[in-house]
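*Asks:* Dropping a prediction and its sequence here:
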Amino acid sequence: MRIHFIAIGGAAMHNLAIALCKKGYCVSGSDDEIFEPSRSRLQHYGLLPENEGWYPEKIDTTLDAVILGMHARIDNPELLKARELGLKIYSYPEYLYEQSKNKKRIVIAGSHGKTTITAMILHVLQYHKVHCDYMVGAQLDGFDVMVKLTDDAPYMIIEGDEYLTSPINRRPKFHLYKPHIAVVSGIAWDHINVFPTFENYVEQFKIFIKQIAADGHLVYYKDDETLHSICADMPLPKHVHPYTAPSFKVHNGTTYLKNAQQQEIPLQIFGKHNLSNLKAAMMVCRILGVDELAFMNAIRHFKGASKRLELVKKSPDGHFFKDFAHAPSKLKASIDALRNQYPKHLLIACIELHTFSSLNKNFLPLYNNTMTQADLACVYFNPATLAHKKLPEIDEALIKQSFGSKNIVVFNDSDKMKKYIMSKTTQRSQKINVIMMSSGNFDGLVYEEIADEIFN
């Protein structure tokens, strides 16, 4: 099979390209910009394009398929050539379905927690040597790629993102997977640039639930009022499994769960939201034949997904974490988790407003009271990002009003924010936790360097 990728450098796209290469396919690709870690990983597998840019001459009738990435524009010259030649053009999720249509598909959806739940399921299945294919949205310990495709695995575990499929297919990605087993971890409005109202956003999850196989399984978080309400008012598959967070205790900075034999099992993760994720993963694994005791034996070794409450540095004086959290529900969950896990530590929480939603004046009020559990709360945004996304200007007063907390300090210069953090940690009389939350990197801040300076 000869497959060409238009926009091969994307986080998801380059992993799919590598997966197909490892499967023995002949893979080529193009992109106008390729950043790390995609660049090094593509180069390692001999898939890095010789030159950046778009080259219609790469598109010919010897190709079996073209896979189109979301980064490409609708007038992309390679896309136009592929259409002119009548080639089969797939979006990323369409091709994942094509590769898994003869497998049992397990799709993990929700506004938050889907990467972690997917990662937990994969960790447990790998621990117990259960053969499966997968696609997950973060790099995981013990997995060399984020996408695996084989001919013989009976299962396909898919992280089901609700964002758009491709420039020529405006459906949410998770509408294309047709699950046999589905998880919905919760619904909290996001992607305001695509789903302009909360009702429109919720509708996408209703459509997803309707696509579960009639004799399939729905696992959903019943403490989410919106989700619980829609599940009560619509047709559901044959098997429905509501879940909530399990009981747990925290002792000396470690979270413990009881297993089926009432033994206390220490975990390497923490926070009510992570324990809710764990319960969802446990229910999926049980459906797949892994019982609770076997699940707990495996999950005790799970360290978390990349950039999800990820520990950057641990010191006798405290901890430094980085987190992908950027939506309001994720932000609050991560801060609350740290407060509950380390109640006596000074907590410094920093959020970068970086996405279309977080920089939108109409969306900002959803951040109200999300950072109240932090002792010091920094909110950073770059005016240049607003200009790049063609959004109206926002200012310090609007941000403070939207967050609604007295502890908010607003910055539009990341170096000044770093100096502020350092000034608050230099003369400390108690242990400190710092968490940096962003889907970006605060315009170049190196977390490891800051952590080393704080805990030197």
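*Replies:* Noted; the coordinates are in hand.
*Asks:* Tell me the secondary structure of Ile269, please.
*Replies:* coil (DSSP: H, G, I helix; E, B strand; the rest coil).
*Asks:* just Ile121 next, same as before
*Replies:* Ile121 ends up helix, using three-state DSSP.
*Asks:* What is the neighbour count of the spatially closest residue to it that is not a sequence neighbour?
*Replies:* Distances taken as CB to CB, 6 or more residues apart in numbering place Ala281 nearest to Ile121, at 4.9 Å, with adjacent residues excluded. For the C-beta atoms, the positions are set from N, CA and C on the backbone; glycine is no exception. If you count neighbours by other CB atoms under 10 Å, Ala281 ends up with 29.
*Asks:* can you pull the pLDDT of Ala281?
*Replies:* Looking at Ala281, its pLDDT reads 98.
*Asks:* That one should be in a helix, yeah?
*Replies:* Yes: counting by three-state DSSP, Ala281 is found in a helix.
*Asks:* so who does it touch?
*Replies:* Residues near Ala281 by CB atoms under 8 Å, 6 or more residues apart in numbering: 117, 120-121, 124, 295, 299.
*Asks:* Need phi/psi at Val312.
*Replies:* Per-residue torsions, Val312: phi -90, psi -40 (degrees, to the nearest 10).
*Asks:* Local confidence estimate at it?
*Replies:* Model confidence at Val312 (pLDDT) stands at 96.
*Asks:* Roughly how far does it sit from Lys322?
*Replies:* In this view, Val312 and Lys322 are 5 Å apart by CB to CB, to the nearest Å.
*Asks:* More neighbours: which of the two?
*Replies:* Set Val312 next to Lys322 and count neighbours by other CB under 10 Å: Lys322 wins out with 22 against 17.
*Asks:* was I right about the more buried one contacting Met436?
*Replies:* Yes: using CB atoms under 8 Å, Lys322 is in contact with Met436, at 5.1 Å.
*Asks:* which residues in the stretch 301-450 of the chain form helices?
*Replies:* In the stretch 301-450 of the chain, the helices defined using DSSP state H, counting those that start in this stretch lie at 328-341, 383-388, 396-403, 414-426, 447-454.
*Asks:* Redo the ones you listed as TSV? Include distance to Tyr92 and mean pLDDT.
*Replies:* Listed next are the helices of the stretch 301-450 of the chain as TSV, based on distance: least, CB to CB, whole Å; pLDDT from 0 to 100:
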stretch	distance to Tyr92	mean pLDDT
helix 328-341	23	95
helix 383-388	24	91
helix 396-403	34	95
helix 414-426	32	93
helix 447-454	29	95
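*Asks:* nearest to Thr355, of those helices?
*Replies:* helix 383-388 (9.4 Å; CB to CB).
*Asks:* any residues touching the closest one, and which ones?
*Replies:* 354, 359, 392-394, 412.
*Asks:* cool, and stretch 215-227?
*Replies:* Residues lying outside stretch 215-227 but in contact with it, judged by CB under 8 Å, 6+ apart, are 110, 179-187, 202, 205, 209, 212, 228, 231, 236-245, 276, 280, 283-284, 287.
*Asks:* how close does the residue nearest the centre of the chain get to Gln126?
*Replies:* Nearest residue to the geometric centre of the chain (CA atoms, centre = their mean): Thr115, 4.6 Å. Using CB to CB, Thr115 is found at 16 Å from Gln126.
*Asks:* same question, Tyr97
*Replies:* 23 Å.
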